[in-house]
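Participant: below is the structure, and that's it, no one-letter string:
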């Protein structure tokens with residue numbers, strides 16, 4: 001399968017502080033700007049009323065082992 005490239009409007013996953021996301025450590029986010037194949041801006045879709053953005057978020061293969069809320073993103077798992 002060819003490498004997936006980010007584009008505006010695609011959904012990705014970002015790490016979250018569970019205290020601001022109804023106990024969940026990952027949230028979906030919509031790409032709003034593509035800087036490169038690995039760097040994007042996203043609007044985070046919290047499970048709650050919070051609103052946030054991640055700017056210049058860098059691609060990471062997965063979100064396991066991440067502490068805090070760094071500006072990273074990954075593709076959702078295909079099922």
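Facilitator: Received the coordinates, thanks. Everything quoted here is computed from the prediction, not taken from an experiment. Numbering: from 1, shown residues only.
Participant: okay, CA-based contacts and neighbour counts for the rest of this
Facilitator: Will do.
Participant: low-confidence ranges, the chain, go.
Facilitator: 1-2 (pLDDT under 70).
Participant: how about the helices in it?
Facilitator: Remark: helices of the chain are absent; assignment by DSSP state H.
Participant: now the most centrally placed residue in the chain, nearest residue through space, not along the chain?
Facilitator: Centroid-nearest residue in the chain: residue 14, 2.8 Å away (criterion: CA atoms, centre = their mean). Leaving aside its chain neighbours, residue 14 sits nearest to residue 73 (4.7 Å; criterion: CA to CA, 6 or more residues apart in numbering).
Participant: what's opposite the closest residue to residue 51 other than its chain neighbours in the beta bridge?
Facilitator: Spatial nearest neighbour of residue 51, excluding adjacent residues (CA to CA, 6+ apart): residue 44 at 6.9 Å. Bridge pairing for residue 44 (DSSP bridges) gives the partners residue 29, residue 52.
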